[in-house]
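> Curious how this folds, go ahead:
(one chain, ligands or ions: 1)
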Amino acid sequence: MDPTDISSWLTETDEQKLAGLWSLADRIRAGHVGTAVHLRGLIEISNYCVRHCAYCGLHTGNTSLKRYRMTETEIIACAETAVRFGYGTVVLQSGEDRGISAEWLAGVIQKIKHSTTLAVTLSLGERHPDELKLWRRAGADRYLLRFETSDRELYKKIHPPTGSTRRHRIEQLAAIRELGYETGSGIMVGIPGQTFASLTRDLLLFRDLDLDMVGIGPWLPHPDTVLGAESLPADNHVPNTDLMSCKVLALARILCPDANIPATTALATLNPETGRSHGLERGANVLMPNLTPDRYKKLYEIYPNKSGSTLSAEQCDHIAKKTIRALGRKIGTGQGSRIKTTPAIGSTVTAS
Ligand code: SAH
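Numbers count the residues shown, from 1 in each chain. Modelled structure (predicted):
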């Protein structure tokens, strides 16, 4: 698939042709990662953040948000819930919280790894290489860091640099991979200012980075953010719809046949009835049920009305398993790491 093919799929409106895209993505998914849908238990360990991201409700300037940080005991209890539900992975996610010290988190990771067979995925934003190294040594298996957009100008606008980290996340991903983490990245679809050309580059970059995990979801406006308060540009703007997100998801599966790709919470938020199942039928093979304790999950408000934020962990688990069964798919067992079925393609695309 070359850039022209990708661009024309992104603007395709013919339903029959799109049905062909969904079915191609679904066949590639079945051929490379099989029928299993892996469940990753999401634990939102802190909503503190030092960043000023223009899209995210956790940004440091949002003074109306009550902040929390989970204790070790609370995190371990969530990991035990993941085991009880039969999951193979927990994802520890947070804002960029300097209050999470490297040593403290290393201890938490060690405890989870000693007492369970769970894979541990971290999604904590941009952290110092020494911290990433310590956590890897403590047993963390995977790291998720979405590059959000490969368009450098747009990236700078939506993700203003802080004093410590000025490099584009694309460069930071290489360091994460070198430490031996399974490496995940991704984007939001329909950020104001995103063009079809940059979206095409994003997709090619997924392939060229040889990502183990690819996360794609629609941008959802949060009123207490810079982007959420802006009116949207009309022309050549990528829509933040479920259809557009599904096109990007399907194309990501075609370009990264053996990657683990979730039907994201953002997709389920945009379309609570069909978001998860559409995602799973159009290339995805992972769901991330929310295991965050009830008193915190509403406060992890990266965007409003996040799917699962008013439900218990049991209810989130139930919905995920029901969705998988209704599609005739199997619930994944074990850690569900990436199994490479295709050789990596050399890196040819960089940020524009
Ligand atoms: N601090 C971590 C985790 C952030 S939340 C980090 O920056 O990596 C994980 C992802 O949620 C982000 O990478 C972003 O792609 C997505 N996200 C944040 N705000 C969003 C919004 N308003 N709409 C849709 N997705 C959003």
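
> Need the residues that contact the lengthiest helix in the chain.
If you go by DSSP state H, the chain has its longest helix at helix 15-33. Outside helix 15-33, the residues that touch it by C-beta atoms under 8 Å, 6 or more residues apart in numbering are 9, 12, 246-247, 249-251, 253-254, 257-258, 260-261, 281-285, 339, 341-342. C-beta coordinates here come from the backbone N, C-alpha and C atoms, glycine included.

> Show me what counts as buried in it.
Residues of helix 15-33 classed as buried by neighbour count (16 or more other C-beta atoms under 10 Å): 18, 21-22, 24-26, 28-29, 32-33.

> how about a markdown table for those residues, with pLDDT added?
Shown next, in a markdown table, are those (pLDDT from 0 to 100):
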| residue | pLDDT |
| --- | --- |
| L18 | 98 |
| L21 | 98 |
| W22 | 98 |
| L24 | 98 |
| A25 | 98 |
| D26 | 98 |
| I28 | 98 |
| R29 | 98 |
| H32 | 98 |
| V33 | 98 |
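
> I'd like the distance between the closest residue in space to I158 that isn't next to it in sequence and G332.
Leaving aside its sequence neighbours, I158 sits nearest to A54 (C-beta to C-beta, 6 or more residues apart in numbering; 4.4 Å). From A54 across to G332, the span is 35 Å (C-beta to C-beta, to the nearest Å).

> same check, this time on N260
Using C-beta to C-beta, we find N260 at a distance of 10 Å from G332.

> contacting residues for P221?
By C-beta under 8 Å, 6+ apart, the contact set of P221 is 227-228, 240, 303.

> List buried residues within those.
Among the contacts of P221, those classed as buried by 16+ other C-beta under 10 Å are 227-228, 240, 303.

> Now the most centrally placed residue in the chain: phi and psi?
Nearest residue to the geometric centre of the chain (C-alpha atoms, centre = their mean): G215, 3.7 Å. Reported as degrees, to the nearest 10, the phi and psi values for G215 are phi -110, psi 130.

> next one: the one 10 residues further on
Torsion angles at T225 (phi, psi; degrees, to the nearest 10) stand at phi -120, psi 160.

> For T264, which non-adjacent residue is closest in space?
G217 is the one closest to T264 (C-beta to C-beta, 6+ apart), at 3.8 Å.

> got a list of what the one you found touches?
186, 188-189, 245, 264-267.

> can you put those residues in a markdown table and add neighbour count?
Below are the contacts of G217 laid out as a markdown table (neighbours: other C-beta atoms under 10 Å):
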| residue | neighbour count |
| --- | --- |
| G186 | 23 |
| M188 | 27 |
| V189 | 29 |
| S245 | 30 |
| T264 | 26 |
| T265 | 25 |
| A266 | 24 |
| L267 | 27 |
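
> out of those, which touch the ligand?
When the contacts of G217 are filtered against the ligand using C-beta under 6 Å from any ligand atom, the residues retained are 188, 266.

> Looking at the contacts of G217, which are in helices?
Among the contacts of G217, the members falling in helices are 245, 265-267 (criterion: DSSP H).

> which one among those gets closest to the ligand?
Nearest to the ligand among the ones in helices among the contacts of G217 is A266, at 4.7 Å by C-beta to the nearest ligand atom.

> So R338 belongs to a strand, correct?
No. Counting by DSSP: H, G, I helix; E, B strand; the rest coil, R338 is not part of a strand but coil.

> That one and A259 touch, don't they?
Yes. Between R338 and A259 a contact is recorded at 6.3 Å, counting by C-beta atoms under 8 Å.

> tell me, what's touching those two both at once?
Jointly contacting R338 and A259 under the rule C-beta under 8 Å, 6+ apart are 212-213.

> what about the two, which has more around it?
Neighbours of R338 and A259, each counted by other C-beta atoms under 10 Å, are more numerous for A259; the result is 25 against 19.

> How about that one: what's its closest non-neighbour residue?
Nearest non-adjacent residue to A259, counting by C-beta to C-beta, 6+ apart: V214, 5.1 Å away.

> M244 too?
Nearest residue to M244 in three dimensions, chain neighbours excluded: V189, at 5.4 Å (C-beta to C-beta, 6+ apart).

> Quick one: residues contacting the one you found.
By C-beta under 8 Å, 6+ apart, the neighbours of V189 are 199, 216-219, 238, 240, 244-245, 248.

> one more time with 10 Å
Counting by C-beta atoms under 10 Å, 6 or more residues apart in numbering, V189 touches 10, 149, 199, 202, 216-219, 238-249, 264, 266-267.

> For those, which ChimeraX command selects only the ones that are buried?
Selecting only the buried entries of the contacts of V189 in ChimeraX, with 16+ other C-beta under 10 Å as the criterion:
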select :10,149,199,202,216,217,218,219,238,240,242,244,245,246,247,248,249,264,266,267
